[in-house]
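Undergrad: coordinates only, sequence not included:
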């Protein structure tokens, strides 16, 4: 069970990245490769709040939420906005990779390459739950990820704003002549994705420490989570992340550390062959 | 034509020689004091350009995003390393073919599942390929020496070791040969087929192209330069380790492709050079290197969106429009438009028999027990209100759907159950309600794609530019020109087909169908959006096909056009055949009128049909 | 209501409209006619704020200059735009499509009274949509899709309704329904700007006609001047057209 | 379009190309192996290829600080063989391709280094050594992988200046025998360094007759629980950990979470990372760290060390001092000092002569100048020979201590509580 908990913790991290990817993907059709880096910056913001400024944890979370949301908005303005007029997904791929490189670089230049430990608000003595051991902060991370993932899933399906963002994803121009402010929605998606990253920074950082290389690791595995869960489905990303995490943990435990990714790939192929759009992806309409 | 324009026209044939001039200059450089560093940079650029050409084939021409070049690149390098260090095999003429063979096997293994499923599958599968690379290198430690890396002995050619300047020449030679192959393939009907495929798999299938096979072919073809780059890299570096083959590198290749322009040949070099040099030079900024490189990527993505080549073309376009740059007009081939009667060739028309066909989607019955026959030398029209099942019927004939019950046959051949490209090969050509028009092709080239399957000239002939290729290309061009002339649009032959207005596009589609010399023509709303003169030409063309013995099925809203052209009219309503008969019979049938117009004919009689379908006015505007 | 004066518009460098002036007076309808490629859709797009962008001239709506405004702002001012080809959100349900049309109404909750009232009105007007409110819009028939597109534009309670070839691709019976609906909307006080190809049907709801050719206004005037169909043909086709059907 | 002439041109060009290849290559700049022919006036170029970016950036910065101070000192004392020393630092980003490209770029500028520090990782060293061998340039570096690099036949001019981490294997084997461990587990990074270390431990434990079980982790891992559980299931008596930075923190965190407090030995790589600073004491129960003995505060120190520490603390690269202490600075310093000694004793920086001297056993270590290897450099034996270019450990080289903290001088202090 401890292995399962460990898988769930890692899975929560991957799910958070997948949620970030999907939030932006659904509202503006862009794949934001820099989301892993936003989470990395969130751990630094939480470090600043909790250690450097000695803020109580609610203020640390608030500070990180705002700080990362602002970074995300700046990213949108610099790397995405200029491309909007020409619907070119490949250029966005490059500019978001560029943005992620800039963020990694800046983190390294300003904070150095060593891991920084965050101040944790609660005692982190391991708990034994269902026969497995887990740190309280990690348990909170899992719970928070589930809450955020499910919350944003239902929000995007039910709320007017969520439906509006799905409409933008389907057809930008048509949405704009229904009175939807597509630019604002696009910025909003980046801000929300950044805000979620920032808000969870303390929980993530408690597990991973604040370290520049975190962004790249997360970016890759968030991608795996999306591959398994299906791009553009919040529920799929959430579950895809957890499934990936558990497979990683179980195969590292029982097979050996060269194999987790190979096993995940096997699962991915199985998903691909049975549900080509990912577990929760939607079937596309016929094109003729 | 101004003097400048004239000069430009004269110089145009020389333009393709530019890459050769560059190649010769690069080859001469070592004799003019080129430094080792410069040579190495050139070699690294060549390697990156090979990788970029790999992505260009798959992404820019076949329209599939694949990011696995890095894995194939590593494979090439490891083949050279393993053969050299474990078996002492360093002979260039042995190592390179083996490397190519191995990547083709990997390409098949990853390409088949990745492409079979479509969508993002290939991107995902190839992404995993890169992600798993270090694990595979570890698992096959016996061959690869795991993470420790493996040394790669210098290559030999006929027993003599190739190093230094000779290796520099080898790199240039391999790169140049590959780009010659790449260019020859892309600037041939196969390249046109790739572009068709990229724009619309549906169109490709209706030209008789197996979408899956052609995509797989493009993907495998694209694997070759990645293997070449890998082998060269191994030899250049003398040492390889898994650290080199990262997802970051995959993204760099993609960036270089986009920067250079994905749908270009030599753009690969521009993208590769920009990326290689910036990466090299930015290292001197030490810890600011990442920040600068990231900023460079953002700027490149924002400003070089169509690639450097695209930006150049665009600039030239702007200058031309302002008259600051000579407009280059190709020498016009005089297309003497022959009168329609000039189509003396008999068309191999065959009888289409649709027997008791039904089609359900879920519980929704779109077609119910419909039987329609279309005879050679006749025009058979299918009309009916929206949602009556006309397009469903067409899609069934074309193999895009399978009938729930019933049979479809063309002559003695059964069509039901065949894949759409097989139906096309059986002699069915169609147009589309919204014309499917690819980018980056001239009208002539586009019409010639209709002949892609007809008389196949192999890829080898195209790549090697064998006489058969030239014969075939000339025949294709001439035929395409003739058909355009026949439809009265010979003047647009050299225009980009995607620049044509809607009406002309419809005529171009008809020409494309004619080029295939099919047994059966399926025209889907071919008259909508045409103005009167276009409509006249279309009517003439259909009559001509009829005279030549072709079988024509016309699915139309344009009632007057149908009345004018058809021999037999079938009326569909709510998935059932409501009535069949000659135009006169149909026009007089009160049931038809009621279904179509929604009211019983008043005292004014059938003329109300005319009121509802003013042909010249039924136009869809094009942006 | 809508005053367009000397509008010139372009996609990047490519001009498609030159000095187009037209107006729609409150409670009346203006029909734009023109042959294929004449610039009709470009004109409507420019009015709604989609490309082509205005390079010169002014678009004044309700007394305010809206020339450079973003599309969603213009919609919020009271313009409803039904794009060509039944432009709806095919992957969303009928009700979600209608809700999307209602984003201009106050409040961000989907259940505000104004929004509910607008939904009720839409379903009352289009009972067929009420029946299929949970269905994916992409699965509706062509006619139903067109109804949904119009219902969606009406959700924002516009003062001016712009329609781009609402009859395109529809069977004649349905075209008839569509024009009956447009006539009804006009009677309810809505101003209408319509691009059409089915002249006979369009004329039944027209007050004012503008003919566009090659991106320029070729003729305009009250519908009375055009009541002889041959006049339209002449302007439209550049010659006295002989109907093809007669051949 | 007519393409016929073009295909001919291509064929012709290819033919010309092939001709170049088979017939007349071989006399250009690209083939020349110009040896260093520097005169008295030209500076002694000390070329350092390191990663200024990435996970080891901070550590590297401290090393560079050491190089800089040593070079300043040497120049103050009249340079090497009368030539002023010029320090050239290149950022290879830990990427072998970049490292080679940068070196060749430098060589192409017409300058030839007199001594090279060939990278902070074995992969970089492996890629640079062949180039250096062809130019007969001496490299003095501190790589880890003895197995991959100690091949004087292939890399005749490459010498290591620090004891390879592979020597930790035999050192640990002695400890294991002394403690009576029946079975030992090892967790290491899935990298060249990790694999190299594992091979060394494996060999040593085999010799000692103690079974060794192992698990690896990826550098991108964010949690080590499954790997530790896998090892735990084998019921070992002790655990060896090879790793650096965040992954080692994850290991100790998971270990504490699992409540697994078996004796755990962090090897030299892991020990260079300040564990005690980043982890609560309860996570470090039963943890021993293998340190270089000279870096302990209570070991006897060379005379110049205190002055050096003061200089470092006020120097340009002082930022890393509180984290890493004095050792990385000393690595850089010692390297320069060794290079000076070798070139001075050989009377030249010519590669062959220096190599001959070092291999002859006549090389006198400059004890007074070396700061990182204890009093009189007793922690290291420069036992170079034609068979090995790696130095040997002495009884003063390693020691196992509880995770130390650093004192104000950057020396390791083992506090009583831990």
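TA: Structure's in. What do you need? What you see is a predicted model, and the numbers here were worked out from it, not measured in a lab.
Undergrad: what stretches of the chain score poorly on pLDDT?
TA: Defaulting to chain A. Regions of chain A meeting the criterion pLDDT under 70 cover residues A:85-89, A:275-288.
Undergrad: let me rephrase: I mean chain D.
TA: Ranges of chain D meeting pLDDT under 70: D:1-40, D:416-418.
Undergrad: who touches residue D:183 in this structure?
TA: Contact partners of residue D:183, counting by Cβ atoms under 8 Å, 6 or more residues apart in numbering or on different chains, are D:210-213, D:234-237. C-beta coordinates here come from the backbone N, C-alpha and C atoms, glycine included.
Undergrad: ranges for the strands of the stretch 201-350 of chain D?
TA: Counting by DSSP state E, counting those that start in this stretch, the stretch 201-350 of chain D forms strands over residues D:212-217, D:238-241, D:264-266, D:287-292, given from the N-terminal end onward.
Undergrad: I'd like those strands laid out as JSON lines, including mean neighbour count and distance to chain A.
TA: Output for those, formatted as JSON lines (neighbours: other Cβ atoms under 10 Å in any protein chain shown; distance: least, Cβ to the nearest Cβ, whole Å):
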{"stretch": "strand D:212-217", "mean neighbour count": "21", "distance to chain A": "5"}
{"stretch": "strand D:238-241", "mean neighbour count": "24", "distance to chain A": "14"}
{"stretch": "strand D:264-266", "mean neighbour count": "24", "distance to chain A": "16"}
{"stretch": "strand D:287-292", "mean neighbour count": "24", "distance to chain A": "17"}
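Undergrad: about what we covered before: is it possible to mark the buried ones in the contacts of residue D:183?
TA: In terms of neighbour count (16 or more other Cβ atoms under 10 Å in any protein chain shown), the buried residues within the contacts of residue D:183 are D:210, D:212-213, D:236.
Undergrad: pick out the most distant pair among these.
TA: Greatest spatial distance in the buried ones among the contacts of residue D:183: D:210 and D:213, 10.6 Å, computed using Cβ to Cβ.
Undergrad: the residue positioned nearest the centre of chain C bridge partners, please.
TA: Here the mean C-alpha position of chain C is nearest to the C-alpha of residue C:163 (Cα atoms, centre = their mean), at a distance of 1.3 Å. When bridges are called by DSSP bridges, residue C:163 pairs up with residue C:82, residue C:194.
Undergrad: pretty sure it sits against residue C:194.
TA: Yes: Residue C:163 lies in contact with residue C:194 (Cβ atoms under 8 Å); the separation is 4.9 Å.
Undergrad: now for these two: what residues contact both?
TA: residue C:182.
Undergrad: reformat the buried ones among the contacts of residue D:183 as TSV; add distance to chain C.
TA: Formatted as TSV, the entries for these read as follows, by distance: Cβ to the nearest Cβ, whole Å:
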residue	distance to chain C
D:210	64
D:212	58
D:213	54
D:236	56
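Undergrad: before we move on, the earlier item: and the residue nearest to the centre of chain C, what does it touch?
TA: Residue C:163 touches C:82, C:150, C:182, C:192-195, counting by Cβ under 8 Å, 6+ apart.
Undergrad: ok, now residue B:205?
TA: Taking Cβ under 8 Å, 6+ apart as the criterion, residue B:205 is in contact with B:211, B:399-400, B:419-421, B:424.
Undergrad: wait, isn't residue A:218 in contact with residue A:39?
TA: Yes: with the criterion set as Cβ under 8 Å, residue A:218 and residue A:39 qualify as a contacting pair; they are 5.6 Å apart.
Undergrad: overlap in contacts of the two?
TA: Counting by Cβ under 8 Å, 6+ apart, the shared contacts of residue A:218 and residue A:39 are A:13, A:17.
Undergrad: low pLDDT regions in chain C?
TA: When residues are selected by pLDDT under 70, those of chain C lie in C:12-14, C:35-38, C:169, C:171, C:197-198, C:227-247.
Undergrad: how about the residues of it near chain A?
TA: Proximity of chain C to chain A is confined to C:48-50, C:70-72, C:75-76, C:81, C:83, C:87-92, C:96, C:99-104, C:108-110, C:115, C:138, C:152-153, C:156 under the rule Cβ under 8 Å from any Cβ of the partner chain.
Undergrad: again, 6 Å this time
TA: For chain C, the residues in contact with chain A (Cβ under 6 Å from any Cβ of the partner chain) are C:48, C:50, C:71-72, C:75-76, C:81, C:87, C:89, C:91, C:96, C:99-101, C:103-104, C:108, C:110, C:138, C:156.
Undergrad: mark which of those are part of strands, please.
TA: Helix and strand membership here follows DSSP state E; of these, those in strands are residue C:81.
Undergrad: are any of the residues of chain C next to chain A buried, and which?
TA: Buried members of those, counted by 16+ other Cβ under 10 Å: C:48, C:50, C:71-72, C:75-76, C:81, C:87, C:89, C:91, C:96, C:99-101, C:103-104, C:110, C:156.
Undergrad: now go through the residues you listed and say which are in helices.
TA: The helices, defined by DSSP state H, take in C:48, C:71-72, C:75-76, C:96, C:99-101 from these.
Undergrad: tell me which two in the residues you listed are the farthest apart.
TA: Using Cβ to Cβ, those span at most 21.7 Å, a distance reached by C:48 and C:96.
Undergrad: and stretch B:369-379, what's buried?
TA: B:370, B:372, B:374-379.
Undergrad: make a markdown table out of the residues you listed and add secondary structure and distance to chain A.
TA: Conversion of the buried residues of stretch B:369-379 to a markdown table gives the following (DSSP: H, G, I helix; E, B strand; the rest coil; distance: Cβ to the nearest Cβ, whole Å):
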| residue | secondary structure | distance to chain A |
| --- | --- | --- |
| B:370 | strand | 18 |
| B:372 | strand | 19 |
| B:374 | strand | 20 |
| B:375 | coil | 26 |
| B:376 | coil | 26 |
| B:377 | coil | 29 |
| B:378 | coil | 26 |
| B:379 | strand | 23 |
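Undergrad: farthest-apart pair in those, please.
TA: Distance extremes for the buried residues of stretch B:369-379: the farthest pair is B:370 and B:377 at 22.8 Å, using Cβ to Cβ.
Undergrad: the domain parsing of chain C - what is it?
TA: Domain segmentation of chain C under automatic domain parsing yields C:1-78+C:159-247, C:91-157.
Undergrad: gap between the two ends of the shortest one?
TA: Between the opening and closing residues of domain C:91-157 we find a distance of 24 Å, counting by Cα to Cα, to the nearest Å.
Undergrad: what residues does the stretch 51-200 of chain B have near chain A?
TA: By the criterion of Cβ under 6 Å from any Cβ, the positions of the stretch 51-200 of chain B lying close to chain A are B:117, B:121, B:124, B:128, B:131-132, B:135, B:138-139.
Undergrad: and the two most separated of those residues?
TA: Within these, two members stand farthest from each other by Cβ to Cβ: B:117 and B:138, at 28.5 Å.
Undergrad: and the lengthiest helix in chain C, what's buried?
TA: Ordering each helix of chain C by length in residues (DSSP H) puts helix C:172-187 first. Buried residues in helix C:172-187, counted by 16+ other Cβ under 10 Å: C:172-179, C:181-182, C:185-186.
Undergrad: now do stretch B:234-251
TA: With burial defined by 16+ other Cβ under 10 Å, the residues of stretch B:234-251 counted as buried are B:234-247, B:249-251.
Undergrad: and the helix or strand where residue D:354 lies, what does it pack onto?
TA: Per DSSP states H and E, residue D:354 falls inside helix D:351-360. Judged by 3 or more Cβ pairs under 6 Å, 6 or more residues apart in numbering or on different chains; DSSP states H and E, the packing partners of helix D:351-360 are helix D:327-346.
Undergrad: outside of the helix it packs on itself, list whatever touches it.
TA: D:59, D:62-63, D:65-67, D:70-71, D:74, D:80-81, D:115, D:117, D:140, D:142, D:161, D:295, D:312, D:349, D:353-354, D:357, D:366, D:369-372 (Cβ atoms under 6 Å, 6 or more residues apart in numbering or on different chains).
Undergrad: could you check the angle helix D:351-360 makes with it?
TA: Inter-element angle recorded for helix D:327-346 and helix D:351-360: 100 degrees (by axes from the mean of the first three to the mean of the last three Cα atoms, to 10 degrees).
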